[in-house]
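below are the sequence and a predicted model for it; my questions follow.
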Amino acid sequence: MAYKTKAWQRKAGKNPKGGLNAKGRRSYNKATGGNLKAPTKKKGSKRRAAFCARMRGMKKKLTSRKTARNPNSRINKALRAWAC
């Protein structure tokens, strides 16, 4: 019997524009008991503001200059998906 990884760990669960698609979020929530939600672009959303602040800090502290400037890096894709 072949071991099959969860959708959120495979290409099937990832959004090419960054983050997880609906199938990936559903798979992650089922596997971990989490409650991931889709990105929101609604201005004034507290969830969006918190995410953007957290990710900007990560980008500043935890990435190399090369990664920070790369438009195809996962962190930059996530920031675009959330309209940060």
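Here it is on my side, so go on.

distance of the spatially most central residue of the chain relative to residue 65?
Nearest to the mean C-alpha position of the chain, by CA atoms, centre = their mean, lies residue 19 at 3.3 Å. Here the distance between residue 19 and residue 65 works out to 23 Å (CB to CB, to the nearest Å). For the C-beta atoms, the positions are set from N, CA and C on the backbone; glycine is no exception.

burial count for residue 25?
20 (other CB atoms under 10 Å).

again with the one 3 residues further on
The number of residues packed around residue 28, counting by other CB under 10 Å, is 19.

return the residues in contact with it.
6, 8, 13, 20, 34, 36 (CB atoms under 8 Å, 6 or more residues apart in numbering).

now do the buried residues in whichever strand or helix holds it.
Residue 28 belongs to helix 22-32 when assigned by DSSP states H and E. Neighbour counts over helix 22-32 (16 or more other CB atoms under 10 Å) mark 24, 25, 27, 28 as buried.

same check on stretch 9-21?
13, 14, 15, 18, 19, 20, 21.

my read: the third one touches residue 24, true?
Right, residue 15. Yes - between residue 15 and residue 24 a contact is recorded at 7.4 Å, counting by CB atoms under 8 Å.

how about the strands in the protein?
Using DSSP state E, no strands are found in the chain.

what does the domain assignment say about it?
7-38, 46-81 (automatic domain parsing).
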